[in-house]
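Asker: Predicted model, plus sequence, below.
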Amino acid sequence: MPDRVAVVVGAGGDIGGACARRLARTHGAVLCVDRDPARVAPAGWARTLTADAADPAFADTVVAAAAGIGPVGAVVHAVAFEEHAPAVTVTRASVERSLAVGPLAALSLFRGLVAAEALAAGASLVAIGSLHATVPFPDCVGYNAAHGALAQIVRTLAHEWAPRRIRVNAVVPGWIRTAGEAGLYGDGHLDRVAALLPLGRFGTAEDVAAAVGYVCSDEAGYVSGSFLTVDGGLGASLARLPGGAA
Ligand SMILES: NC(=O)c1ccc[n+]([C@@H]2O[C@H](COP(=O)([O-])OP(=O)(O)OC[C@H]3O[C@@H](n4cnc5c(N)ncnc54)[C@H](O)[C@@H]3O)[C@@H](O)[C@H]2O)c1
């Protein structure tokens, strides 16, 4: 039995996949969870589970699978549902899906693992957050609301579970150049945008995974309730607007 297991939800995505590979360096096994079985392949260190975060049975399914492998030392929630539509026309079902896939799934999974006593001593729970938790993405009310709620869940659980020595944090990416972003905007557009970003490039999934690796390490043993931003200064770049410092 592995001494410590990591669980990554959304492991078939660019960010989730990079987190899974990063945590495989420090954990004996990684349970890679995704709704699309084609996106996650079993490997020596990777066990796979097909599950949809919006499913009410999601948390129970993941908890049972993880507990069957070994004590869980790290969990990363790296999925969101994002529909672009004006707030006046977006459907209630779309907003509900954003809330179900994001904050509700993360909360259900985290507390399911606690209730089942499936966590290893000093476990680290991580939500992949978003700058849009506080700065709204236009025409994306469900996504913005979901990330706002997720941030408050991180704070609440960090407070409530500190006596259990469970650490809860968010890693907050800026704009990460993933396959999904390339599909949405096109590589030509992204190349032009890259030059305008504060550090002259997009973030990579590995940039995010490195931060996740840190908050899941013993070196971060005193880090909880924290929001580790990995945005290359994007959130601080409002100063570049007309009237601000260059
Ligand atoms: N890409 C960015 O620029 C960026 C920026 C900030 C925050 N984020 C956040 O990072 C996280 C991951 O984003 P990404 O860009 O890597 O996404 P992605 O679309 O590349 O990957 C998401 C993965 O999750 C899986 N998935 C989607 N819905 C699911 C569900 N309901 N149940 C189970 N699996 C599901 C998909 O099959 C896919 O493999 C999200 O929370 C997103 O909000 C991304």
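Answerer: All right, it came through fine.
Asker: tell me which element the residue lying closest to A220 once chain neighbours are set aside falls in.
Answerer: Setting aside the residues directly before and after it, A220 is nearest to Y214 in space (Cβ to Cβ, 6 or more residues apart in numbering), at 5.5 Å. In this view, the C-beta of every residue, glycine as well, is placed from N, C-alpha and C. Counting by DSSP states H and E, the element that carries Y214 is helix 205-215.
Asker: Quick one: name the residues of the protein near the ligand.
Answerer: 10, 12-16, 34-36, 39, 52-54, 78-80, 101, 128, 130, 173, 175-176, 178, 180-181 (Cβ under 6 Å from any ligand atom).
Asker: Quick check: A121 touching R164?
Answerer: No. Using Cβ atoms under 8 Å, A121 is not in contact with R164, being 9.7 Å away.
Asker: Which helix or strand lies directly C-terminal to the longest helix along the chain?
Answerer: The helix that spans the most residues within the chain, counting by DSSP state H, is helix 141-161. Once helix 141-161 ends, the next helix or strand along the chain (criterion: DSSP H and E) is strand 167-173.
Asker: Show me what that following strand is in contact with.
Answerer: Under the criterion Cβ atoms under 8 Å, 6 or more residues apart in numbering, residues 15, 110, 122-131, 133, 150-151, 154, 157-158, 161, 203, 207-208, 211-212, 215, 220-221, 223-231 lie in contact with strand 167-173.
Asker: Now do the buried residues in the following helix or strand past it.
Answerer: Next in sequence after strand 167-173, counting helices and strands by DSSP H and E, comes helix 179-185. For helix 179-185, the neighbour count (16 or more other Cβ atoms under 10 Å) marks E181 as buried.
Asker: Can you spell out which helices and strands pack onto helix 179-185?
Answerer: Judged by 3 or more Cβ pairs under 8 Å, 6 or more residues apart in numbering; DSSP states H and E, helix 179-185 is in contact with helix 187-196.
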